[in-house]
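[1] prediction below, plus the sequence it came from.
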Amino acid sequence: MGVAERSERLRVEDGAADTAAVVELETSRRDAMRLGLTTGAALVGACTVPALLSVRNAFAAADGDGAILSSAIVLENTAVAAYEAAVNSRLLDPKVTAVARLFRRHESEHADALSAALKGLGGSPPTATDPRLLAPLHRLRSQAALLQFAIELETMAVAAYYEAHRKLRDTKLLQTGAQIMAAEGQHLVVLRQALKRNPAPNAFETGKRSG
Amino acid sequence: MDVQRVLRDPLSRRRFFRASGVAVGGGSAAFLTACGDAKKKEPSADVDILNSAIDLENMAVAAYTAGAPMLTGDVRTLARQFLSQEKDHADALSQVVLQAGGRPVKPKSRYDFAKFSTQQQVLTMVAMLENVAIAAYIDALPKLSSGDLRATAASIVTDEAEHLAVITGALGHPQVPAAFVVGKK
């Protein structure tokens, strides 16, 4: 790795970053373990909400842009309701409450945008939530459990949008789907950090690992 | 490659992407009713798009490699993790280019970064790179020929968005400032 400093600029020469990356990876992995951060599959912990995993593919099973949009809207409505319940649980500290309020608003914006798109295709946006996903909420008794629930919900959303990208056809829908999926990923970063976990453990965020 | 010029000057960024086969445009969070189906593309058309993405990934690898030593603590650890993830992206995309009969681009022989000496300067620079990558991937995604490739691009852009959230948090800025992550062109 040739990193040479000139008067005003830093220069990385010889394309040697590749070699450095291999060395750095091992160091990074050791450092991560020392700090209590782990990567990849090791982070898949006990799922507090098994129902979430069982319906993970429900959204992806939809076929055609309109059906995918409808499924996505129900999922976003469900996320709004979940964050609403978390805010009202009185289990969250003020900082996490503010996060839950922000994410509730984001999920609502997603639902609104997806609903507008579905109307544009001539469909009727669903207003329902998925009761199977919300059912476990009343059993959660701590901030950590609610954060874990939110991680699983967001991970499920990422998986659903990931699978949807195989099927969506419309250019704008594909792009907006990616923008929403990326936002769910950013939600995951904040939630993972709140639980002192590695905030971005997966190079390919497919929703197949809960993190 | 003068990275700072590419990052700072919108015209220069557009030229870079255009030359690489990725037009920088779109990225609007708003849904429009104009609905054009993603046109069917030949796999060979993917090669130019993917090579421009590999260029960005290689630039990010170089930036994290150069910047990581100036970082401390958990931020440094995470920067090294992001470096290896960017490398994973470049490797995976290179494999796809090979499978499509193309030749994946190699890292440039040299990257010129504006001199940085503080953690804040490093983080600001890599945040700009992540933003540019996000915008480029979102623009390129519908142009890819297969559903598998589009899903892979979406998984990469989500990872880049996660990097960005970590970096902006380390800079003391809001980590999720908007409901739609569009990057910066």
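    Yep, it's here.

[2] residues touching B:Thr72, list them.
    Going by CB atoms under 8 Å, 6 or more residues apart in numbering or on different chains, B:Thr72 touches B:Gln119. Every C-beta, even on glycine, is put in place using the N, C-alpha and C of the backbone.

[3] go through chain A and flag its longest helix.
    Counting residues, the longest helix found in chain A (DSSP state H) is helix A:94-120.

[4] residues contacting A:Leu191?
    A:99, A:147, A:150-151, A:154 are the contacts of A:Leu191 under CB under 8 Å, 6+ apart.

[5] could you look up the SS state of the closest residue to A:Glu107 other than its chain neighbours?
    Spatial nearest neighbour of A:Glu107, excluding adjacent residues (CB to CB, 6 or more residues apart in numbering or on different chains): A:Ala79 at 4.0 Å. The assignment at A:Ala79 comes out as helix when based on DSSP: H, G, I helix; E, B strand; the rest coil.

[6] by mean pLDDT, flag the weakest helix or strand of chain A.
    helix A:17-34 (a mean of 33; mean pLDDT, DSSP states H and E).

[7] residues near A:Ser89, how many?
    By other CB atoms under 10 Å in any protein chain shown, the residues close to A:Ser89 number 18.

[8] that one touches A:Ala145, doesn't it?
    No - using CB atoms under 8 Å, A:Ser89 is not in contact with A:Ala145, being 9.9 Å away.

[9] tell me the SS of the residue minimising distance to the centre of chain B?
    Central residue of chain B (CA atoms, centre = their mean): B:Ala133, 2.2 Å from the mean position. Under three-state DSSP, B:Ala133 falls in the helix class.

[10] ok, now how distant is it from chain A?
    Distance, B:Ala133 to chain A, using CB to the nearest CB, to the nearest Å: 11 Å.

[11] need the per-residue pLDDT for that residue.
    In this model, B:Ala133 is scored at 98, pLDDT.

[12] list the contacts of it.
    B:53, B:56-57, B:60, B:157, B:160, B:183.

[13] possible to save these as CSV with pLDDT?
    Shown next, in CSV, are these (pLDDT from 0 to 100):
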residue, pLDDT
B:Ala53, 97
B:Leu56, 97
B:Glu57, 98
B:Ala60, 97
B:Val157, 98
B:Glu160, 98
B:Gly183, 97
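
[14] secondary structure, neighbour count and distance to B:Gln119 added to those residues, as JSON lines?
    As requested, the contacts of B:Ala133 are exported to JSON lines (DSSP: H, G, I helix; E, B strand; the rest coil; neighbours: other CB atoms under 10 Å in any protein chain shown; distance: CB to CB, whole Å):
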{"residue": "B:Ala53", "secondary structure": "helix", "neighbour count": "28", "distance to B:Gln119": "28"}
{"residue": "B:Leu56", "secondary structure": "helix", "neighbour count": "26", "distance to B:Gln119": "23"}
{"residue": "B:Glu57", "secondary structure": "helix", "neighbour count": "26", "distance to B:Gln119": "23"}
{"residue": "B:Ala60", "secondary structure": "helix", "neighbour count": "26", "distance to B:Gln119": "17"}
{"residue": "B:Val157", "secondary structure": "helix", "neighbour count": "28", "distance to B:Gln119": "26"}
{"residue": "B:Glu160", "secondary structure": "helix", "neighbour count": "31", "distance to B:Gln119": "20"}
{"residue": "B:Gly183", "secondary structure": "coil", "neighbour count": "22", "distance to B:Gln119": "23"}
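
[15] A:Asp93: which of those is nearest?
    B:Glu160 (30.0 Å; CB to CB).

[16] wait, the closest one sits on B:Ala136?
    No - the criterion here is CB under 8 Å, and B:Glu160 misses it with B:Ala136 at 9.6 Å.

[17] do a quick rundown of the helices in chain B.
    Using DSSP H, helices in chain B cover B:3-8, B:10-20, B:43-67, B:73-99, B:119-140, B:147-170.

[18] residue 88: neighbour count?
    Since you didn't name a chain, this refers to chain A. 11.

[19] my bad, the chain I had in mind was chain B
    18.

[20] now it. Nearest residue, chain neighbours left out?
    A:Ala203 (4.0 Å).

[21] do the same with A:Gly177
    A:Tyr161 (5.4 Å).

[22] if I pick A:Ser124, what's in contact with it?
    So A:Ser124 contacts A:Leu118 (CB under 8 Å, 6+ apart).

[23] and A:Ala128, that one's in a helix?
    No - using three-state DSSP, the assignment for A:Ala128 is coil, not a helix.

[24] ramachandran angles for it?
    Here is the backbone geometry of A:Ala128 (degrees, to the nearest 10): phi -80, psi 160.

[25] was I right to think it contacts A:Glu76?
    No - at 11.3 Å, A:Ala128 and A:Glu76 do not qualify as touching, with contact defined as CB under 8 Å.

[26] who has more neighbours out of those two?
    A:Glu76 (24 against 11).

[27] within the helices and strands, which one has the more buried one?
    Assigned by DSSP states H and E, A:Glu76 falls within helix A:65-88.

[28] what is the rounded mean pLDDT of that helix?
    96.

[29] show me the shaky parts of chain B.
    Within chain B, the stretches with pLDDT under 70 are B:1-43.

[30] should've said chain A
    Using pLDDT under 70, chain A drops low at A:1-63, A:209-211.

[31] dump the residue contacts of B:Gly172.
    Applying CB under 8 Å, 6+ apart, no residues contact B:Gly172.

[32] quick one, phi psi at it?
    Backbone phi and psi, for B:Gly172 under degrees, to the nearest 10, turn out to be phi 80, psi 20.

[33] tell me the one among the contacts of B:Ala133 nearest to chain A.
    Comparing these against chain A with CB to the nearest CB places B:Val157 closest, at 5.4 Å.
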